[in-house]
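> could you look at this predicted model? Sequence included:
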Protein chains: 2
Amino acid sequence: MARTDTLKLGTFVYTFGFNPAAWRHPDADVQGANKIDHLLNVAKISEAAKFDFMFLADSPAAAIGDADALARSPTKMNRFEPLSLISALSVLTEKLGFVATASTSYYEPYNIARLFASIDHLSGGRACWNVVTSDHDETGYNYGFEGLPPHAERYERGSEFVDVVFGLWDSFEPDALVLDKAKGLYHDKDKLHTLNHKGKHFQVRGPLNIAASPQGRPVIAQAGGSEAGMELAARTAEIVFSLASNLERNKAFADNIKSRMAKYGRSTNDLKLMPGLVVNVGETKAEAQAKVDFLIDNLHPDVGRWMLGEFLEADLSGVALDQPFPLERLPTEPKGSKAMFEWLRDFIMEGHTVGELIRFYAEKSTGNGITGTPTEIADFMEEWFQAGAADGFILMLPTLPASLNDFVKLVLPELRRRGLFREEYEGKTLRENLGLSMPVNRYAAARNGGIAKET
Amino acid sequence: MARTDTLKLGTFVYTFGFNPAAWRHPDADVQGANKIDHLLNVAKISEAAKFDFMFLADSPAAAIGDADALARSPTKMNRFEPLSLISALSVLTEKLGFVATASTSYYEPYNIARLFASIDHLSGGRACWNVVTSDHDETGYNYGFEGLPPHAERYERGSEFVDVVFGLWDSFEPDALVLDKAKGLYHDKDKLHTLNHKGKHFQVRGPLNIAASPQGRPVIAQAGGSEAGMELAARTAEIVFSLASNLERNKAFADNIKSRMAKYGRSTNDLKLMPGLVVNVGETKAEAQAKVDFLIDNLHPDVGRWMLGEFLEADLSGVALDQPFPLERLPTEPKGSKAMFEWLRDFIMEGHTVGELIRFYAEKSTGNGITGTPTEIADFMEEWFQAGAADGFILMLPTLPASLNDFVKLVLPELRRRGLFREEYEGKTLRENLGLSMPVNRYAAARNGGIAKET
Ligand SMILES: Cc1cc2nc3c(=O)[nH]c(=O)nc-3n(C[C@H](O)[C@H](O)[C@H](O)COP(=O)(O)O)c2cc1C
Ligand SMILES: Cc1cc2nc3c(=O)[nH]c(=O)nc-3n(C[C@H](O)[C@H](O)[C@H](O)COP(=O)(O)O)c2cc1C
């Protein structure tokens, strides 16, 4: 039976686009990492298209590595801090949601709770926190750690962190403000609550010093794929950003996460599974492929070598592009995607040069990508959606704004024709547009004779 | 000899104004703590008046105490988080500077460095960080401490914190971005620097993942009055917010701080001493006094009792307003201002009731305040300015926007008539308007054969 809901769509943002060569695109605003105009333009295009949100990926560190390659690859080297950025973008837009990434490993819960509650007020209910525990050693070095803290520790802290933040967001019941000038009564003291959290990682008294925000609380996104990550998502996330490379795997991932929700008293409607999707669209397949080729041709060999080296954990500096891959530098086990690793190893074994391998990797590393005509792309999205492998997509556009404009112009009309995407926003808040239920304030629930929902 | 420079002016912001009864003023926008319109209005009025900046005080905690009093006194209970707020306000204005308070005791330097650099970019060079080490036990409880960490520890951490942030802000030299699409070169790798800070409180590798901001670095404000506070200010601050209650004391404080600057290689021009000043202005003195009376009349006795109790560290709950002050509850030593304590004690000894005492305190606790006609107020400001007791003032307007509008309408024309305040902004950035020099990037200085200025 066909689904009655519609696709959710978000624009994934690395400043210039998902492709490392995106900043060299003729349409790229090369000042875009430090002047708001470019990302405001991306937001305005996304909003005019009625997308649900713009998604700001983040890492609190510059990349570490081959300085020559990094000087050619700005994404992680120079970018806006995402919370200040979405604060600004949200008051220059009206309906678009904003997802900002912030790490539970390197922030304090009281600060994060305040920041997101404040942004939810500023935006009139359009804020979402992408909860990450961070990756890469480079982040840890900026916060007094010897590299990245261990996975289990990060998730233990992260899980408690989210609990504290949820507790703080419940400090004021939604109707706590009285605002009666004549009586001189600002809030109802019985509807303001102290948290008194005492846990392993945090001791936080509360209350939060800001009233309940328009969405009850900001929306929660999450992108972890590990057992601990999936459990945290099932318990707390409302958007899950996945990266599986085919429908079956993604469907299995979606089912897996959603099947864990019941034990937390949650309905599967309250979690939107949104795979990242790299889209290269053209009026014809050849035109779409030409756009990919342009970017690959503009990927400087230093950058390609560095990316490939990072993925394979192999130092490729000094290896000429026209030489075969030095087999002795190939590790036996992959650090990242196993499928990708096997693809590459097969390709290497066929005797291709390093230059050819870089090109091959650059094309494949678009990840869960599709290059084709509007119909092909709409077919793909519809198939995933109808199969329950996706409730929508986070579009990892190779270049911004060019690929976003392409998508809006070419693919969106086709999705609308099929009834798969909205013509108008349904609501005012991100939560309403995503079709998520309002969270229940634990104290209000207890007061109303219900049972405070454990979050 | 009369000064050739002009006054600097800033608007101090507690949501509704400095007076705890301000939210009950007829002109108060009672939604102002959670909807941006009110503070945007304050910003727009300040900008139209050509003020230098709007100053967001902050504390990362709700007040703790008498719940009945706190329910009538919103200032610390419900407010925007200041960094998200100024991010939003800055993109809705063009010239006004924004000072946001953030505590070195409860943040990580990498996060603060990023946030303020990002806001400096968003605003086109109008960001300022008010560096505080925080006060009140209530803040510590939200961050795993048993109350406020000790003073010496806070300043030791605070001082190292600022060093790290300055180091991170120097990561990219000002001309590090190449942005050459054709060559594929984004930044000059020799102009991006790793900090590798290893100190007692922080280990931070860097570099910061955002380019040098329009002001070289955001402006620094500071408000500590202790020996450690003054030393930190002399070394790093460009705006010092003081609270001394008369000209002589403030002049001594200004001279004291400025005399410490030379040993850090700094010119006294690079530090603007700005006392907080509570202004109640009317066309006549009686009209001005009526405005004060209105607020005192609207201060609920619970709030007055709580404020007085806080100041005196005496529990006054349950004491009737028409009773004399229970002398056995009066401590022998003041926690806050000694002058104020002595005033109050004398008043108590005269046998006044608690109600009378609250009224007396509410009027005096306006601090360094002046109530009078435009001429009287301009005279006061001019005298302080010419005496070198002030380079300008941070206006602690009792109500917002009413008292701000009064000041702009009544006092500003008089200051302008005297040539004491600008008709137009001199520059585009806050730094330019304040007449501060551009900071020297330590690596650029070393490269250019100069000596990297120790900050
Ligand atoms: C699609 C996707 C997007 C992600 N985006 C970010 C990001 O922007 N910043 C970040 O620090 N981590 C990001 N991550 C990392 C995860 O949030 C998570 O911290 C990491 O994958 C380790 O968790 P896991 O072992 O549960 O997967 C992303 C992961 C995925 C799959
Ligand atoms: C005029 C003035 C304004 C201040 N504003 C704040 C503030 O907004 N937030 C805060 O935490 N502390 C504030 N403080 C406190 C100081 O910044 C400082 O942390 C405190 O006074 C202790 O330092 P000290 O012992 O050096 O004075 C302020 C102090 C003064 C004098």
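Everything's here; your move. Ligands and ions are numbered 1, 2, ... in the order given.
> how about the closest residue to ligand 2 within chain A: what's its closest non-neighbour residue?
Residue nearest to ligand 2 within chain A: residue A:209 (12.2 Å; CB to the nearest ligand atom). (Each C-beta comes from the backbone N, C-alpha and C, glycine too.) Distances taken as CB to CB, 6 or more residues apart in numbering or on different chains place residue B:62 nearest to residue A:209, at 4.2 Å, with adjacent residues excluded.
> and the one you found, how many neighbours?
24 (other CB atoms under 10 Å in any protein chain shown).
> hang on, it packs against residue B:76?
Yes: taking contacts as CB atoms under 8 Å, residue B:62 lies within contact range of residue B:76: 5.9 Å.
> identify the contacts common to those two.
residue A:209 (CB atoms under 8 Å, 6 or more residues apart in numbering or on different chains).
> doesn't the residue of chain A closest to ligand 2 fall inside a helix?
No: Residue A:209 is assigned coil when assessed by DSSP: H, G, I helix; E, B strand; the rest coil, not a helix.
> and the strands in chain A?
With DSSP state E, the ranges of strands along chain A come out as A:8-13, A:53-56, A:97-103, A:127-132, A:177-180, A:185-187, A:197-198, A:203-204, A:219-222, A:239-242, A:272-281, A:369-372, A:392-395.
> of the ones you listed, which shows the lowest average pLDDT?
Here the lowest mean pLDDT among those goes to strand A:369-372, at a mean of 91.
> and that strand, what does it pack onto?
strand A:272-281, helix A:285-297, helix A:374-386 (3 or more CB pairs under 8 Å, 6 or more residues apart in numbering or on different chains; DSSP states H and E).
> using CSV, write down the CA coordinates of the first one.
The C-alpha trace of strand A:272-281 is given here as CSV (Å, rounded to 0.1, in the frame of the first residue of the first chain):
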residue,chain,number,x,y,z
LYS,A,272,12.2,10.3,10.4
LEU,A,273,14.9,8.2,8.8
MET,A,274,16.6,10.3,6.3
PRO,A,275,19.5,8.9,4.3
GLY,A,276,22.1,11.3,3.0
LEU,A,277,21.9,11.3,-0.8
VAL,A,278,24.4,12.8,-3.2
VAL,A,279,22.4,14.0,-6.3
ASN,A,280,23.9,14.9,-9.6
VAL,A,281,21.1,15.7,-12.0
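> now for that strand, which elements pack on it?
By 3+ CB pairs under 8 Å, 6+ apart, strand A:272-281 packs against strand A:8-13, strand A:239-242, helix A:247-259, helix A:285-297, strand A:369-372, helix A:374-386, strand A:392-395, helix A:402-406.
> which ones are touching residue A:123?
A:86, A:90, A:91, A:98.
> just those residues: which are in helices?
Members of these lying in helices (criterion: DSSP state H): A:86, A:90.
> which one (most neighbours) among the contacts of residue A:123?
Of these, with other CB under 10 Å as the count, residue A:86 tops at 33 neighbours.
> quick revisit: mind putting the helices and strands packed on strand A:272-281 into a markdown table with mean neighbour count?
Formatted as a markdown table, the helices and strands packed on strand A:272-281 follow (neighbours: other CB atoms under 10 Å in any protein chain shown):
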| stretch | mean neighbour count |
| --- | --- |
| strand A:8-13 | 26 |
| strand A:239-242 | 26 |
| helix A:247-259 | 17 |
| helix A:285-297 | 16 |
| strand A:369-372 | 18 |
| helix A:374-386 | 19 |
| strand A:392-395 | 25 |
| helix A:402-406 | 21 |
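> just for the stretch 251-400 of chain A, where's the confidence low?
Scanning the stretch 251-400 of chain A for pLDDT under 70 picks out A:335-337, A:365-368.
> hmm, try it at 90
A:296, A:301-302, A:304-321, A:323-349, A:351, A:354-369 (pLDDT under 90).
> report the closest residue of it relative to chain B.
residue A:300 (4.5 Å; CB to the nearest CB).
> my guess is residue A:291 meets residue A:405, correct?
No: using CB under 8 Å, residue A:291 is not in contact with residue A:405, being 11.9 Å away.
> report the angle between the biggest helix by length in chain A and strand A:127-132.
Secondary structure of chain A per DSSP H: the longest helix is helix A:151-169. Interaxial angle of helix A:151-169 relative to strand A:127-132 (axes from the mean of the first three to the mean of the last three CA atoms, to 10 degrees): 160 degrees.
> same list (the strands of chain A) but as a markdown table, adding distance to ligand 2.
Converted to a markdown table, the strands of chain A look like this (distance: least, CB to the nearest ligand atom, whole Å):
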| stretch | distance to ligand 2 |
| --- | --- |
| strand A:8-13 | 33 |
| strand A:53-56 | 29 |
| strand A:97-103 | 23 |
| strand A:127-132 | 24 |
| strand A:177-180 | 23 |
| strand A:185-187 | 20 |
| strand A:197-198 | 22 |
| strand A:203-204 | 18 |
| strand A:219-222 | 30 |
| strand A:239-242 | 35 |
| strand A:272-281 | 40 |
| strand A:369-372 | 49 |
| strand A:392-395 | 39 |
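> now these in CSV, with distance to residue A:341?
Below are the strands of chain A laid out as CSV (distance: least, CB to CB, whole Å):
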stretch, distance to residue A:341
strand A:8-13, 24
strand A:53-56, 27
strand A:97-103, 26
strand A:127-132, 23
strand A:177-180, 55
strand A:185-187, 57
strand A:197-198, 42
strand A:203-204, 42
strand A:219-222, 25
strand A:239-242, 19
strand A:272-281, 19
strand A:369-372, 17
strand A:392-395, 24
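> how about the contacts made by the spatially closest residue to residue A:377 that is not a sequence neighbour?
Spatial nearest neighbour of residue A:377, excluding adjacent residues (CB to CB, 6+ apart): residue A:411 at 5.1 Å. Residues near residue A:411 by CB under 8 Å, 6+ apart: A:279, A:281, A:374, A:377, A:378, A:381.
> surely the last one and residue A:418 touch.
This means residue A:381. No: between residue A:381 and residue A:418 there is no contact, the gap being 9.4 Å when judged by CB under 8 Å.
> can you get me a residue count around residue A:352?
Other residues close to residue A:352 by other CB under 10 Å number 16.
> ok, so what distance separates it from residue A:48?
Distance, residue A:352 to residue A:48, by CB to CB, to the nearest Å: 44 Å.
> before we move on, back to that, mind saving the C-alpha coords of the longest helix of chain A as PDB?
What follows is helix A:151-169, C-alpha atoms only, in PDB (Å, rounded to 0.1, in the frame of the first residue of the first chain):
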ATOM      1  CA  HIS A 151      33.800   5.200  21.700                       C
ATOM      2  CA  ALA A 152      32.100   3.700  24.700                       C
ATOM      3  CA  GLU A 153      33.100   6.700  26.900                       C
ATOM      4  CA  ARG A 154      31.800   9.200  24.300                       C
ATOM      5  CA  TYR A 155      28.500   7.500  24.100                       C
ATOM      6  CA  GLU A 156      28.100   7.100  27.800                       C
ATOM      7  CA  ARG A 157      28.800  10.800  28.300                       C
ATOM      8  CA  GLY A 158      26.600  11.600  25.300                       C
ATOM      9  CA  SER A 159      23.700   9.700  26.500                       C
ATOM     10  CA  GLU A 160      23.800  11.300  30.000                       C
ATOM     11  CA  PHE A 161      24.300  14.700  28.300                       C
ATOM     12  CA  VAL A 162      21.100  14.300  26.300                       C
ATOM     13  CA  ASP A 163      19.200  13.400  29.500                       C
ATOM     14  CA  VAL A 164      20.500  16.500  31.300                       C
ATOM     15  CA  VAL A 165      19.500  18.700  28.300                       C
ATOM     16  CA  PHE A 166      16.000  17.200  28.200                       C
ATOM     17  CA  GLY A 167      15.700  17.700  31.900                       C
ATOM     18  CA  LEU A 168      16.700  21.300  31.600                       C
ATOM     19  CA  TRP A 169      14.400  21.900  28.700                       C
END
